[in-house]
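Chemist: A predicted structure for the sequence below; I have some questions about it.
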Amino acid sequence: MNEKCKKNSQIAVIAGAGPAGLIAALELLRTTDVKPVIFEAEDVIGGISRTARYNGNRMDIGGHRFFSKSDTVMDWWQGILPLQGVASKDDIAIGRTVPLTEGGPDPEKTDYVMLCRSRLSRILFLRKLFNYPISLNGDTIRNLGLWRMMKIGLSYIKVQLMPARKENSLEDFMINRFGVELYRTFFRDYTEKVWGVPCSKISPDWGGQRIKGLSITKTVVHAVKQIFAGKKNASSANAGEGSGADIRQKDTETSLIGQFLYPKFGPGQLWETVAEKVQEMGGKIVMNARVVGVNRDGTGSRVESVVVDYGRYTETVPCDYFLSTMPVKELVAAMDNEKNPVPAEVRRVSDGLVYRDFITVGILLDKLEIKNPAKPGTPESKLKFVADNWIYVQESDVKLGRIQIFNNWSPYLVADPEKVWIGLEYFATEGDDMWNMPDADFIKFAIAELDKIDVARPASVRDSVVFHIKKAYPAYFGTYGEFDKVRGYLDPIDNLFLMGRNGMHKYNNMDHSMLAAMEVVKCIREGSSDKTALWSVNSEEEYHEGKKL
């Protein structure tokens, strides 16, 4: 441990009680004498990884699969919530087998348990369901038609023989990997719903963050491997093999994984448990407290204190370290003052960073109109509804982007197992017409879209609720291409560390945010201000969602 940490009672102020902020706080308490104080601007723990509650039902805001290629992260999660040792009630009901930990907890007898879930995501297109990633099987060929399939195949062969020399946009990135026809069929409309701009205007860096290793070739290779691995996985799933290869799937592209971990009551349960541990160990978490000012010393090279707005009053809080998960745009604005003015060029780039906001509508239904396409005789064929965790809506005649089916994430999220509890996901920009629509009107609008695409009928609706999430996605357009100017200004500040999706303006997964937070704690523990490893998370090959084969 750093001698400086041992001798002095040091304070690390952390802005944000999301995954990065919470893991940094807990690891500081576990490995240093630095006391973390978290200021959370909202009244919920977990950031976008929260679990929302409404009338006895729970919602996963955005959908969070607990899966990582990092053993450190996988083990860390299970150190908070151990993997189940007995099948959950929905798996028992349909006879589905999953990996279990010998001596692990029973989900029916304890709340503090991590479930192993089967992953299924599909695309709704032409009012039909297609596997995601796309599978070149009989169903796909029948649903698309032979002519469209031939065009997809020929365009893929063409791009493999003559790829674009340089990828200037996300559109170039996707076409190089899938061909123009498959890109237009299954990727373009959904992606443009998410970002609100054409893919030709988005940096290819987004593809590097999310789908770097995915291609048609790898999808086919994975499908063949699954055929031969199926019997082995089925026979070993309940053989007491624990969370070994069946869950870790380290050689599988993230978009192709078949199983993932999931807290019994959604992602927020894990982060609420971490928050409890932080407070039990002497850390402090203050809710409804927004950091609005960051004060530096005379040289500008160290943060001395932060200004916290509690609503009715503000307070200046001294600190030895400042760990920020707040949006970069807000951080730079908070640092700009008479004593240490931020250079105009840095402020221009910071002000030009763009974020995409998120609206989700929870709908409780008697039933879905989508038919369960599971093969007869399989466990999934016994479900009352489709087995998907979420469905991507590629239909261009609706604004709806994605449908979550919470029953399939965890049966314990739903109060009445006879009902279907779904989340309709919309992407907006704070202040636009969709964002400003009254909740009652938005619910009517969402239900009408469900009806239009033949997913569910208005008569089946039994309850509904709307949640708005600001700055859910840092965008890869606006002034993003000049982000190095902001980083170049912030990195030399010795005791300032950026973490998390918005804190680094990187579309990271939850595990990447956690790894970045661990790197920050390592810097503090070792007395280092070198942030190279921190920024390398999800940039170095070992952290990517996909790895070169």
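Modeler: Yes, it's here. Computed from a prediction, not measured in an experiment: that's the story for all the values here.

Chemist: partners of the lengthiest strand in the chain, with directions?
Modeler: The longest strand of the chain (DSSP state E) is strand 461-478. Using DSSP bridges, the strands paired with strand 461-478 are strand 353-365 (antiparallel).

Chemist: can you give the distance of the longest strand of the chain from its chain's centre?
Modeler: Chain-centre distance of strand 461-478: 13 Å, with Cα atoms, centre = their mean, to the nearest Å.

Chemist: swap in stretch 104-119?
Modeler: 21 Å.

Chemist: now do that stretch: distance from first to last residue.
Modeler: The first and last residues of stretch 104-119 sit 22 Å apart, counting by Cα to Cα, to the nearest Å.

Chemist: what does that stretch contact?
Modeler: Identification of contacts with stretch 104-119 by Cβ atoms under 8 Å, 6 or more residues apart in numbering yields 65-66, 77-78, 81-86, 88-89, 96, 98-100, 243, 247, 257-265, 269-270, 273, 380, 387, 389, 408-410, 412. (Glycine included, C-beta is placed from N, CA and C.)

Chemist: what about the residues you listed, which are in strands?
Modeler: Those of the contacts of stretch 104-119 lying in strands (DSSP E): Q259, F260, L261, Y262, P263.

Chemist: excluding its backbone neighbours, what's nearest F187?
Modeler: M174 (5.4 Å; Cβ to Cβ, 6 or more residues apart in numbering).

Chemist: now E430
Modeler: Nearest to E430 is D357, by Cβ to Cβ, 6+ apart, at 4.8 Å.

Chemist: which residues touch the one you found?
Modeler: For D357, the contact set (Cβ under 8 Å, 6+ apart) comprises F427, A428, T429, E430, W435, H468, I469, K470, K471, A472.

Chemist: try it again at 6 Å.
Modeler: A428, T429, E430, K470, A472 (Cβ atoms under 6 Å, 6 or more residues apart in numbering).

Chemist: what are the bridge partners for it, then?
Modeler: Here D357, judged by DSSP bridges, has bridge partners A428.

Chemist: ok, now how distant is it from S70?
Modeler: Look at D357 and S70: by Cβ to Cβ, to the nearest Å, they are 29 Å apart.

Chemist: quick one on the thing from earlier: which ones among the contacts of stretch 104-119 lie within helices?
Modeler: If you go by DSSP state H, the contacts of stretch 104-119 have W77, Q78, K89, I247, Q269, L270, T273, N408, W409 in helices.

Chemist: report the secondary structure state of M518.
Modeler: When states are read from DSSP: H, G, I helix; E, B strand; the rest coil, the local structure at M518 comes out as helix.

Chemist: how many other residues sit next to the closest residue to it other than its chain neighbours?
Modeler: Spatial nearest neighbour of M518, chain neighbours left out: E27 (6.2 Å); criterion: Cβ to Cβ, 6+ apart. E27 is flanked by 21 other residues according to other Cβ atoms under 10 Å.

Chemist: quick one: list the elements packing against the helix or strand containing E27.
Modeler: Assigned by DSSP states H and E, E27 falls within helix 19-31. Applying 3 or more Cβ pairs under 6 Å, 6 or more residues apart in numbering; DSSP states H and E, we find helix 19-31 packed against strand 11-15, strand 35-39, helix 267-280, helix 510-526.

Chemist: most tightly packed of the ones you listed?
Modeler: strand 11-15 (a mean of 25; mean count of other Cβ atoms under 10 Å).

Chemist: what does that strand contact?
Modeler: 21, 25, 28, 34-39, 291, 306, 319-326.

Chemist: repeat the analysis, applying 8 Å as the threshold.
Modeler: Outside strand 11-15, the residues that reach it (Cβ under 8 Å, 6+ apart) are 21, 24-25, 28, 34-39, 41, 291, 306, 317-326, 331, 503, 524.

Chemist: run through the residues that contact V461.
Modeler: I363, L364, L365, I447.

Chemist: again, only using 10 Å
Modeler: I363, L364, L365, D366, I443, A446, I447, L450, D451 (Cβ atoms under 10 Å, 6 or more residues apart in numbering).

Chemist: please name the bridge partners of it.
Modeler: Residues in beta-bridge contact with V461 (DSSP bridges): L365.

Chemist: ditto for the one 4 residues further on
Modeler: According to DSSP bridges, G362 are recorded as the beta-bridge partners of V465.

Chemist: any weak-confidence spans in the stretch 101-250 of the chain?
Modeler: Residues of the stretch 101-250 of the chain meeting the criterion pLDDT under 70: 136, 165, 208-250.

Chemist: swap the cut-off to 80 and go again
Modeler: Residue ranges of the stretch 101-250 of the chain with pLDDT under 80: 132-139, 141, 164-165, 206-250.

Chemist: cool, the chain as well?
Modeler: 1-8, 132-139, 141, 164-165, 206-258, 538-549.

Chemist: try it again at 70.
Modeler: 1-8, 136, 165, 208-257, 539-549.

Chemist: need the CA coordinates for the helix or strand hosting L424. CSV is fine.
Modeler: Following DSSP H and E, one finds L424 within strand 420-428. Extracted in CSV, the C-alpha atoms of strand 420-428 (Å, rounded to 0.1, in the frame of the first residue of the first chain):
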residue,chain,number,x,y,z
VAL,A,420,-45.9,-10.3,-19.7
TRP,A,421,-43.8,-7.3,-18.4
ILE,A,422,-42.0,-5.6,-21.3
GLY,A,423,-40.0,-2.4,-21.8
LEU,A,424,-40.3,-0.3,-25.0
GLU,A,425,-37.1,1.6,-25.6
TYR,A,426,-37.0,4.9,-27.5
PHE,A,427,-34.0,7.1,-28.2
ALA,A,428,-34.4,10.9,-28.0
